[in-house]
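**Q** Compute the structure for the input listed below.
(one chain, ligands or ions: 1)
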Amino acid sequence: MLDLDKIRSQFPSLSRLHNEQPMIYLDGPAGSQVPECVARRVYDAMIHHNANRSGHFATSHEVDQLMQEAHVAVSDLLQAHDPKSIAFGPNMTTLTFHFSRALARTWAPGDEVVVSRLDHDANYTPWVLAARDAGAILRTIDIRREDATLCMDSLRSQLNSKTKLVAVTAASNAVGSITDVCEIARLVHGVGAELFVDAVHYAPHRRINVEAWDCDYLVCSGYKFFAPHIGVLYGKPERMQSLVPYKLRPAPDSIPGRWMTGTQNHSCVAGVTAAIDYLASLSTLDVASSSRRARLDDSFAQIERAETELIKQLIHGLKKLESVTLYGITDDDRMHKRAPTVAFQVRGLDSATVAKKLGEQGICCWHGNYYAVPLTTALGTDTEGMVRIGCMHYNTSQEIDRTLAAIKGATTR
Ligand SMILES: Cc1ncc(COP(=O)(O)O)c(C=O)c1O
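**A** Take a look at the predicted model:
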């Protein structure tokens, strides 16, 4: 069991009051709260190890070292065997745009690129534009409207020998639906294509395993998993070496440097390592005798258990409210197929009005489409938007009770 008191004491923001009530952070899908150890590591890097890389002096060596540690830490988080398969960048969107241009150079007119309606626009539009520039044909995987999950029949029907790339999310940032990345990779590789996975929403909730999943590329974003604003790109090392990136001439030709455009945000990258250490510290396994990977396995098993309880409580409570329409998986026995993120509409109220009422009571949640436009368009929720509540392992059952009461108040007034 997670020790919630110990966990919450590490996040200074969780003790903030709003109108004399504790703030409740249910805006995790837009950015998690940050434990103090992460901010301290960023501070330490900025104050004590501030230099550019590859110089012949102490602080430069220290930055080389902290970057190396971060590549190793992220390879532990993603379960990649080679730390050089991990590139850092400003955020997922910028990395994806950058990478899509390089990948699109390998496509020819008539090739096919497949995107999905379950995705955030950051794993949709970069591929739409790259396909357009290459003269490639764009195909789209549909969702099952009844539970807002990816339609695997639709996926199968979009694949053929001309498919070059499939871009799909590991979990929806709007409705929480988790996709079967292993099975998708098997189908995609079956037609000789590659798979690019958006794990931004998945990363704080479940254990990623790029090697077991056999995805070719995967992206995630630090600020969603308790780290600073840093994007992460994984690619199979042989592909990251053979593809030709858009890069400056003096920049390294070797991986991962060839994919890391310009000077990196070294101090925040140090914060990514601290966040991964924080996640590993949630494990009860002995630090001296277990690897960080083993501790992360244990931590994520505990995170999943704790978050499943919260999301069940939230969904049960919302189901009792007659004016609420829930999107996504709601049955108890399919909770393992969803992240703890719920989207709903309230009859007669647009999502911004509901979010504002909750915000006035110190409850942070999102409204609108949160850039998941392919999905919200498919669901037909664009006009009013959907209220989104996202649980994190630091949330409590009491917070969910208070939130349900606030939603009930907003819907009945
Ligand atoms: C699922 C998903 N993908 C991609 C992104 C974009 O990430 P970034 O802000 O790092 O560009 C987000 C951000 O909300 C997201 O939730």
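
**Q** Could you tell me the phi and psi values at the residue nearest to residue 236 when sequence neighbours are not counted?
**A** Counting by Cβ to Cβ, 6 or more residues apart in numbering, the nearest residue to residue 236 once its immediate chain neighbours are dropped is residue 216, at 5.4 Å. Just so you know, the C-beta spots here come from the backbone N, C-alpha and C atoms, and that holds for glycine as well. Per-residue torsions, residue 216: phi -80, psi -40 (degrees, to the nearest 10).

**Q** likewise residue 343?
**A** Main-chain dihedrals, residue 343, degrees, to the nearest 10: phi -120, psi 140.

**Q** Retrieve the pLDDT associated with it.
**A** Looking at residue 343, its pLDDT stands at 98.

**Q** Check which helices and strands the host helix or strand of residue 353 sits against.
**A** When elements are defined using DSSP states H and E, residue 353 is found to belong to helix 351-360. Under the contact definition 3 or more Cβ pairs under 8 Å, 6 or more residues apart in numbering; DSSP states H and E, helix 351-360 sits against strand 387-390, helix 397-412.

**Q** and those, which is most packed in?
**A** Scoring the helices and strands packed on helix 351-360 by mean neighbour count under mean count of other Cβ atoms under 10 Å gives strand 387-390 as the most buried, with a mean of 30.

**Q** what ranges do the strands span in the stretch 1-150 of the chain?
**A** Along the stretch 1-150 of the chain, counting by DSSP state E, counting those that start in this stretch, strands occupy 17-18, 21-22, 24-25, 86-89, 112-116, 137-141, 143-144, 149-150.

**Q** Let me see the residues that make contact with the last one.
**A** The set of residues that contact strand 149-150 without belonging to it, under Cβ atoms under 8 Å, 6 or more residues apart in numbering, is 116, 118, 141, 143, 144, 168, 177, 179, 328, 329, 337.

**Q** And the first one, by the same measure?
**A** For strand 17-18, the surrounding residues in contact (Cβ under 8 Å, 6+ apart) are 23, 361, 362.

**Q** residues near the closest residue to the last one other than its chain neighbours, how many?
**A** Which is residue 362. Distances taken as Cβ to Cβ, 6+ apart put residue 18 closest to residue 362, at 3.2 Å, once the chain neighbours are dropped. Residues within reach of residue 18, counting by other Cβ atoms under 10 Å, total 14.

**Q** I'd like to know how far the residue of the stretch 301-413 of the chain found nearest the ligand sits from residue 28.
**A** When distances are taken as Cβ to the nearest ligand atom, the stretch 301-413 of the chain reaches nearest to the ligand at residue 371, 5.9 Å away. Between residue 371 and residue 28 the distance is 15 Å, computed by Cβ to Cβ, to the nearest Å.

**Q** which of these two has more neighbours?
**A** When residue 371 and residue 28 are compared on other Cβ under 10 Å, the one with more neighbours turns out to be residue 28, at 29 against 18.

**Q** Next one: that one from the ligand, what distance?
**A** Distance of residue 28 to the ligand, given as Cβ to the nearest ligand atom, to the nearest Å: 10 Å.

**Q** shift numbering so it begins at 336
**A** Yes, from this point I'll number from 336; that puts the last item at residue 363.

**Q** List the contacts of that residue.
**A** Taking Cβ under 8 Å, 6+ apart, one finds 539, 559, 676, 725, 726, 727, 730 in contact with residue 363.

**Q** can you list those in TSV and add distance to the ligand and secondary structure?
**A** Supplementary listing: the contacts of residue 363 in TSV, determined by distance: Cβ to the nearest ligand atom, whole Å; DSSP: H, G, I helix; E, B strand; the rest coil:
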residue	distance to the ligand	secondary structure
539	11	coil
559	7	helix
676	9	strand
725	10	strand
726	15	coil
727	14	coil
730	18	coil
